[in-house]
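1. Provided below are the primary sequence and the corresponding predicted coordinates.
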Amino acid sequence: MNIILGGGISGLLLASLNKEESLILELQHEVGGLFATEEISGTNISIIPPIVSNPNFMEGLKYHEYNPRIISEKSKYLEDKICKECETFPLWLDFTGKKFWIDNFSEIISNLSKGVKIINEYPIIIKDKKIITNKGRSVIFDKIYNTISRKELFKLVGYSDPNLKSVSAFITILITKGEKEWDVYINGDTGIVFSHIIRKNIESDIFVNYIYSFFTSRLPDIKKVFSDLKRTHIFSRDEILAYRSHVIKDAILYGTPSIELDFIKNCGRLGLWKNISLEEAVDLVRKC
Ligand SMILES: Cc1cc2nc3c(=O)[nH]c(=O)nc-3n(C[C@H](O)[C@H](O)[C@H](O)COP(=O)(O)OP(=O)(O)OC[C@H]3O[C@@H](n4cnc5c(N)ncnc54)[C@H](O)[C@@H]3O)c2cc1C
């Protein structure tokens, strides 16, 4: 039996490609990881926007072109505002060039999850080829395919890798009404909590807006997000119809992993500890 840690796109694809028997352990009730969806104001919306540069990396994708009108303020301070120590920034923060928005990624996730065994548990002990979960289940494994934070996993098996660092993201998903003259708004001002807003029309005059506030130590306050939206004249209270927030603990990853263990095969963004895009994640799973 192979254990797959994490039921994001990497874990689900691994399970569907794996010819041997495998079991996914997933922390959340929903599968799909960052592309898991939730219903907001009657529309299914993923935690992050499914924007890609090449829409043909998987079969069955439905998509439309997304060529955002970009407005930037104080962009020369942006990299320092998000991460002073990072040498490179994720490609998913680059909105220039031709992009595509995948419309049916939740269907792809749901289809992938149909044929695989998933339990909503997470590992608390890994020892002698045995995993014990938070619900007391004990599973004997041949190999672990890891798509969760390798930092956390290695801690469980008694190693610490000080090279692995990350920046977290506080993501606010806003449903608003009314047009704007931009689709992506970028702000490098350190006095403003958020740095990026990515927006797309979901029905006639209604829009979904993904607001990214990156942080390393102190979790941003939703009140500060709202007050900065008002201060920058981006949205007034009466344009906002609904909102949700999510914390992504390891959003931007940096530092090079220094420990490898023979019974753990690291895959996915958190296993590889790389800022890979969705297209790269799918491609790399096939090679994992
Ligand atoms: C803020 C942000 C925006 C992004 N935007 C884009 C974009 O626009 N376009 C693009 O191509 N790429 C984007 N990416 C990258 C893209 O999200 C990843 O490449 C892709 O989601 C990788 O999938 P994954 O399955 O490897 O990881 P994840 O989607 O992170 O899945 C990991 C899974 O492991 C689970 N898990 C975590 N800990 C445990 C545990 N202890 N036990 C069990 N399960 C656990 C999680 O719940 C999750 O389901 C973005 C990434 C971030 C952080």
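-> Thanks, I have it. Numbering: from 1, shown residues only.
2. Only C-alpha atoms from now on, for both contacts and neighbour counts.
-> Will do.
3. contacting residues around the residue nearest the centre of the chain?
-> Compute the mean C-alpha point of the chain, and by CA atoms, centre = their mean the closest residue is residue 34, 3.5 Å away. Residues near residue 34 by CA atoms under 8 Å, 6 or more residues apart in numbering: 8, 46-48.
4. 6 Å instead?
-> By CA atoms under 6 Å, 6 or more residues apart in numbering, the contact set of residue 34 is residue 47.
5. Can you tell me the SS state at it?
-> Under the three-state scheme (DSSP: H, G, I helix; E, B strand; the rest coil), residue 34 adopts helix.
6. so what's it scoring on pLDDT?
-> The model reports residue 34 with a pLDDT of 98.
7. The ligand versus that one, what's the distance?
-> Distance of residue 34 to the ligand, given as CA to the nearest ligand atom, to the nearest Å: 4 Å.
8. cool, and residue 143?
-> 16 Å.
9. Could you double-check that that residue sits in contact with residue 265?
-> No. Residue 143 sits out of contact with residue 265 when judged by CA atoms under 6 Å, with a separation of 7.5 Å.
10. Spell out which parts of the stretch 101-250 of the chain neighbour the ligand.
-> 122, 147-148 (CA under 6 Å from any ligand atom).
11. Only whichever of those are buried, select them in ChimeraX.
-> To isolate the buried members of these in ChimeraX, using 16 or more other CA atoms under 10 Å:
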select :122,147,148
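12. Determine the longest strand present in this structure.
-> strand 240-254 (DSSP state E).
13. For that strand, list the C-alpha coordinates in CSV.
-> Extracted in CSV, the C-alpha atoms of strand 240-254 (Å, rounded to 0.1, in the frame of the first residue of the first chain):
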residue,chain,number,x,y,z
ILE,A,240,-19.4,44.5,-1.6
LEU,A,241,-21.9,41.7,-1.6
ALA,A,242,-20.1,38.9,0.2
TYR,A,243,-16.7,37.8,1.3
ARG,A,244,-14.6,34.9,2.6
SER,A,245,-11.0,34.6,3.8
HIS,A,246,-8.4,31.9,3.8
VAL,A,247,-5.0,31.6,5.3
ILE,A,248,-2.4,29.8,3.1
LYS,A,249,0.5,29.1,5.5
ASP,A,250,3.1,28.2,3.0
ALA,A,251,2.2,30.3,-0.1
ILE,A,252,5.6,31.6,-1.5
LEU,A,253,8.3,29.0,-0.9
TYR,A,254,12.1,29.6,-0.8
